[in-house]
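Undergrad: just to be clear, the model below is a prediction. Sequence and coordinates:
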Amino acid sequence: MSLVRGFAMLVLLLGLAGCGGGEDFGDLDAYMNEMRLRAPGKIEPTPTFRSYPTFTYNAANLRSPFSRQVRVDLAGQKHGSRNVKPDPSRVKQYLEGFNIEQFEMVGTMSNAAGSFALLRGAGGVHRLKVGDYLGRNDGRIVAISGDQVDVVEIVPDGEGAWLERPRTIPLKEHS
């Protein structure tokens, strides 16, 4: 092993010795002299950059601008009811942690236990029945048919009361 190391060291030293040969930098000196004659005598200083005040984004907890708004029709505006409100003591189901817009109906299934809707979203296909909840607005499934799932969400009306908002998830063809 030491013979191999000695040979490698000898080759390395011979290679380095070959690099230090003649000091012929004439062409480099000529090029540098030519560049010195061409270049202007003064280099401009770098521009100064002024700093801008920092900006903190405070709208992270507001409604997404890409989700549909609740239609506000002042003439025929529905006023919420004090009788309708979400149940704070109800245990939340897994699919209530996702936006309802991401779900799409891909089919139905029936057996002796009843009829079920198959909804794709939240990382998989989920089997849901009437009475199950999904979406962030306490959306409860009220009806399942062959071509759609009817959901009723409970949303605030902006005046301290709550509204029931119907929503339909249609069957996605060829999925």
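TA: Good, I have the coordinates.

Undergrad: now do the strands in this structure.
TA: 104-111, 114-121, 124-128, 133-134, 139-144, 148-156, 162-170 (DSSP state E).

Undergrad: ranking the ones you listed by burial, who's on top?
TA: Of the strands of the chain, the one with the most neighbours on average (mean count of other Cβ atoms under 10 Å) is strand 133-134, at a mean of 24. Bear in mind the C-beta positions are built from the backbone N, C-alpha and C, glycine included.

Undergrad: what helices or strands is that strand leaning on?
TA: strand 139-144 (3 or more Cβ pairs under 8 Å, 6 or more residues apart in numbering; DSSP states H and E).

Undergrad: contacts for the strand it packs on, please.
TA: 96, 100, 108, 115-117, 128-134, 149-153, 167 (Cβ atoms under 8 Å, 6 or more residues apart in numbering).

Undergrad: dump the residue contacts of residue 130.
TA: 114, 115, 141, 142, 143, 144.

Undergrad: which of these sits closest to residue 53?
TA: Nearest to residue 53 among the contacts of residue 130 is residue 141, at 48.7 Å by Cβ to Cβ.

Undergrad: JSON lines for the contacts of residue 130, including distance to residue 33 and pLDDT?
TA: What follows is the contacts of residue 130, written out as JSON lines (distance: Cβ to Cβ, whole Å; pLDDT from 0 to 100):
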{"residue": "114", "distance to residue 33": "93", "pLDDT": "86"}
{"residue": "115", "distance to residue 33": "91", "pLDDT": "89"}
{"residue": "141", "distance to residue 33": "85", "pLDDT": "93"}
{"residue": "142", "distance to residue 33": "89", "pLDDT": "93"}
{"residue": "143", "distance to residue 33": "90", "pLDDT": "92"}
{"residue": "144", "distance to residue 33": "88", "pLDDT": "92"}
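
Undergrad: all good on my end, thank you.
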